[in-house]
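1. Give me a model of this one.
(chains A and B)
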Amino acid sequence: MMPRFFSVVALGAMAGAFGCADSVPPPHDQWAAAQADVGRAQAGGAPDVPDARLHLQLAQEDLQRAKQLIGTDNARAASLCAVARSEAQLAFSLSGQARAEQLARSEEAEAQKAGR
Amino acid sequence: MNRLHERIIIGPVLLAAVACAGTHVPPKALTDARDDYLHARDGLAMQLDPTDVHEAQLALERAERAWEASPDDPTAVDLAIIADRRALLAQSQAATIKAYDDRNRAAAALETAKAAQLQSARAQLTQSEQTLGATQMQLNEQRAAAAAQQQRLQDLETKLKDARQTIAKIASVKDDERGMVITLSGEVLFQTGKWELKPAAMAKLDQVAEALRTKEQHIVVFGYTDTVGTRDHNMALSQMRAQTVRDYLVEKGLPGDLVTAQGKGPDDPISDNTSVEGRAQNRRVEIVVQPSK
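-> Below is the predicted model of the structure:
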C-alpha cells in the first residue's frame, strides 16, 4: 500500500511540475452541464426551501470558482464542476421533497377533517 | 447483493483509510460522507431507492481511494463532498417517494370518508322524505277530519233551524243565556191543579219531540206556577208537571240521559201575578235546549 501511495504522490508532484492545464482539457462541457443543473434546481423551487437554497448557493459558488480556474487548473475546475453538479442535483431533490411532503400534509389534514 | 458488495469493497477501503489515519486525519467532508452513506444504507433509502444508495456507495469508494492515494489533494475533498451529496440525495429521493405514498394513502382515505359522508347524507335525505310523506298524510287526514267536523256542525245548525221553525208554529221560542227556550202555556198542557197531560198537549209535545229528536243536546224541562196557593204545593205541582213533560218527551224518543226535569214553583215569573192574564202567563212549562259544548 505504501509504495503505491508514494507513487501517486510522486505522480501528482510531477503533474504539478509540468502543469495540469496542459494534460487536462478545459472542462467547458462539465461547466455547462453543472450550469444546467443549477438552472433546473432554481426552476424547481430550490430558492424557496431553506435546505435546498443552501446547496444551490454552494453549487453556484463552486461554479464560480471553477470558472476562475478554467485555463489555469483544468483538473480542479472539472472537479469543482462535478461538486457543483452534485450540490445542484441535491438542491433540486430537496425542493421536490419539500413539495411532496407539503402535499402529503395537506391531504392528510383534509382526510382527517373529513373522517371526523 | 449490495451488502455483500459493500463488505468486499468498503471493508478494505475503510481499513486503508484507518491505516492512513495514522498520519492524516480524514477531512470532515469524508467523515460526513461515511455517516450519511451509512444512514442511507440502514434507513428508508435502501428500501425505497436502492439505486441511488448504490451510486452513493460507489462515490464513497472513489472518495476513500482518492483520499488514501493523496490526502492533501483538494480533489479528494471534492470527491468526499460529492459522495456525501450522493448519500443525501438518496435519502431525499426516498423521503420524496414516501411523501407521495403518504399523500396517495391520505387521498384514498379522503375518498372513502367522502363516500361515507355522501352515503350518510343520502340516508338522511331518504329518512327526511319518508318523514315528510308521513306528515303530509297526517295533515291530509286532519284536514279531512276538520272538513267532516265542519260539515257536522253545519248539519246541526240546519237541523236546529228546522226544529226552531217547526216549534215556533206551536209555541213561543226565544233565546236567552240558558239556550233555546220553548215556552208552553200551562193552560194548554194541564187542567188546573193536575199534572196529567191534556190530549191536545200531547199532540203539541209530539211535534216538539219530533223536532228535537235528532239533537244530542242537554234539555231541561222547567215547571212554573203562579203565586196562588202555598209555595210548597206550587213547588211540588211544578215539579210533577215538569217531570210529566220530561217523561213524555223521553217516551217519544228523546234520550233519557240528556233530558231532566226541575220544578221552580212561582219563581222567575215572566209577568205580573196581580192580574188574571199575568198569572196565566206565569203558569207555564219551559223546555230549555242547552247549547252544545
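2. quick one: pLDDT of the closest residue to B:Ser292 other than its chain neighbours?
-> Counting by Cβ to Cβ, 6 or more residues apart in numbering or on different chains, B:Gln217 is the residue found nearest to B:Ser292 once chain neighbours are left out, at 5.0 Å. Just so you know, the C-beta spots here come from the backbone N, C-alpha and C atoms, and that holds for glycine as well. Looking at B:Gln217, its pLDDT stands at 83.
3. hang on, B:Gln217 in a helix?
-> No - if the criterion is DSSP: H, G, I helix; E, B strand; the rest coil, then B:Gln217 is coil and not within a helix.
4. what's the burial count for it?
-> 17 (other Cβ atoms under 10 Å in any protein chain shown).
5. Roughly how far does it sit from B:Ala200?
-> Remark: distance between B:Gln217 and B:Ala200 (Cβ to Cβ, to the nearest Å) = 27 Å.
6. Find the nearest non-adjacent residue to A:Leu103, please.
-> In space, A:Leu103 is closest to B:Arg103, 5.0 Å off (Cβ to Cβ, 6+ apart).
7. what number of residues lie near the one you found?
-> 20.
8. Output the below-cut-off pLDDT ranges for the chain.
-> You didn't pick a chain, so chain A it is. Low-confidence segments of chain A (pLDDT under 70): A:1-22.
9. wrong one, chain B
-> B:1-23, B:215, B:293.
10. Would you map the helices across it?
-> B:2-20, B:28-42, B:44-48, B:50-69, B:74-168, B:186-189, B:199-212, B:231-251, B:276-282 (DSSP state H).
11. Counting by contacts, list what the longest one packs against.
-> Helix B:74-168 is packed against helix A:74-115, helix B:28-42, helix B:44-48, helix B:50-69, strand B:179-185, helix B:199-212, with contacts defined by 3 or more Cβ pairs under 8 Å, 6 or more residues apart in numbering or on different chains; DSSP states H and E.
12. tilt between that helix and helix B:199-212?
-> Helix B:74-168 runs at 160 degrees relative to helix B:199-212, counting by axes from the mean of the first three to the mean of the last three Cα atoms, to 10 degrees.
13. got the residues of chain A near chain B?
-> A:1, A:4-5, A:8-9, A:12, A:55, A:75-76, A:79-80, A:82-83, A:86-87, A:89-90, A:93-94, A:96-97, A:100-101, A:103-104, A:107-108, A:110-111, A:114-115 (Cβ under 8 Å from any Cβ of the partner chain).
14. make it 6 Å
-> Proximity of chain A to chain B is confined to A:8, A:12, A:79, A:82-83, A:86, A:90, A:93-94, A:96-97, A:100-101, A:103-104, A:107-108, A:110-111, A:114-115 under the rule Cβ under 6 Å from any Cβ of the partner chain.
15. Just the buried ones out of the residues you listed, please.
-> Those of those that meet the buried threshold are A:8, A:12, A:79, A:82-83, A:86, A:90, A:93-94, A:96-97, A:100-101, A:103-104, A:107-108, A:110-111, by 16 or more other Cβ atoms under 10 Å in any protein chain shown.
16. how's chain B carved up into domains?
-> Following automatic domain parsing, chain B resolves into domains at B:1-150, B:169-289.
17. Just say which of the helices of chain B is most tucked in.
-> Highest mean neighbour count of these: helix B:50-69, a mean of 21 (counted as mean count of other Cβ atoms under 10 Å in any protein chain shown).
18. relative to helix B:28-42, how tilted is that helix?
-> If you take the same axes, to 10 degrees, helix B:50-69 sits at 150 degrees to helix B:28-42.
19. Direction-wise, compare helix B:50-69 with helix A:74-115 and give the angle.
-> 150 degrees.
20. Helix B:50-69 vs chain A: in contact?
-> Yes - in terms of Cβ under 6 Å from any Cβ, part of helix B:50-69 sits within range of chain A, namely B:Ala69.
21. For chain A, see how far away the residue nearest to B:Asp226 when sequence neighbours are not counted is.
-> Here the nearest residue to B:Asp226 in space, its sequence neighbours aside, is B:Arg279; by Cβ to Cβ, 6+ apart that works out to 3.9 Å. B:Arg279 sits at a distance of 94 Å from chain A (criterion: Cβ to the nearest Cβ, to the nearest Å).
22. Ok, B:Val25 next?
-> B:Val25 is 16 Å from chain A, where distance means Cβ to the nearest Cβ.
23. what's the neighbour count on that residue?
-> B:Val25, neighbours per other Cβ under 10 Å, totals 11.
24. got it, and A:Val24?
-> A:Val24 has 16 nearby residues by other Cβ under 10 Å.
25. which residues touch it?
-> Applying Cβ atoms under 6 Å, 6 or more residues apart in numbering or on different chains, we find A:Val24 in contact with A:74-75.
26. rerun that using 8 Å as the cut-off
-> Contacts for A:Val24 (Cβ atoms under 8 Å, 6 or more residues apart in numbering or on different chains) come out as A:74-75, A:78.
27. Touching, A:Arg85 and A:Trp31? I think so.
-> No - checked against Cβ atoms under 8 Å, the pair A:Arg85 and A:Trp31 is beyond contact range at 9.8 Å.
28. Neighbour count for those two, which is higher?
-> Per other Cβ under 10 Å, whichever of A:Arg85 and A:Trp31 has more neighbours is A:Arg85, with 23 against 20.
29. Tell me the secondary structure of the residue nearest to the more buried one when sequence neighbours are not counted, please.
-> Leaving aside its chain neighbours, A:Arg85 sits nearest to A:Ala34 (4.6 Å; criterion: Cβ to Cβ, 6+ apart). Using three-state DSSP, the three-state assignment for A:Ala34 comes out as helix.
30. Can you give me the neighbour number for A:Ala34?
-> Neighbour tally, A:Ala34, other Cβ under 10 Å: 27.
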